[in-house]
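# heads up, no residue letters with this:
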């Protein structure tokens with residue numbers, strides 16, 4: 001998310017710089033209520049701190065789709081701090097959307113090697129429950145291995161890898177938010 005300064009902004013800035021003398025910068029001699037200075041401040045505020053609801057949503061979704069992990073990293077990618085990111089989520093009513101995207105993109109697909117049936121699980125612990133394992137560490141070892149990711153007759157895929165192979169794959173938001181394990185038809 002990049003914003004560009006316009007020629008109009010530079011014209012106002014040059015007018016302020018013309019006030020500089022050899023001994024004093026314009027920043028020291030310009031009063032706080034100067035119209036040129038106020039215009040520049042308003043422009044910067046509008047350009048860099050405010051964004052539309054639609055643009056914020058689009059940028060947020062793109063970050064998850066590109067594999068940016070963690071809300072702090074997403075905020076950085078969007079050119080803001082984590083507190084601003086949380087403020088926009090709350091202000092625009094996207095807290096639930098962010099929670100859905102976070103659960104969905106951090107999830108896993110388990111594919112039965114025999115019949116091809118699919119399960120979406122929100123975490124490795126839920127995957128362990130599907131595979132009747134005592135804990136999630138076995139899944140962790142398989143997911144982080146470089147080879148074919150198979151365990152107990154299931155192939156295991158990270159969601160963003162699955163989406164790269166099957167870009168049209170989607171799940172209902174309410175299902176993801178309310179169920180840890182989803183059998184995909």
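Yep, that arrived. This structure is a prediction, so every number in the text was calculated from the model and none was measured. Numbering: from 1, shown residues only.

# quick check, residue 83 in a helix?
Yes. Judged by DSSP: H, G, I helix; E, B strand; the rest coil, residue 83 forms part of a helix.

# residues near it, how many?
For residue 83, the neighbour count with other CB atoms under 10 Å is 9. C-beta here means a position set from N, CA and C on the backbone, and glycine is covered the same way.

# do residue 139 as well
Number of residues near residue 139 (other CB under 10 Å) recorded here: 26.

# what residues of the helix or strand hosting it count as buried?
For residue 139, the host element (DSSP states H and E) is helix 137-144. Buried residues in helix 137-144, counted by 16 or more other CB atoms under 10 Å: 138-139, 142-143.

# residues touching it, excluding its own?
108, 124, 127-128, 131, 133, 149-151, 156, 158 (CB atoms under 8 Å, 6 or more residues apart in numbering).

# may I ask which of those residues comes out lowest in pLDDT?
Ranked by pLDDT, the contacts of helix 137-144 bottom out at residue 149, which has 79.

# apart from its neighbours in sequence, what residue is nearest that residue?
Using CB to CB, 6 or more residues apart in numbering and skipping residues adjacent in sequence, the residue nearest residue 149 is residue 156, 4.5 Å away.

# residues contacting the one you found?
Counting by CB under 8 Å, 6+ apart, residue 156 has contacts 108-111, 127, 139, 142-143, 149-150.
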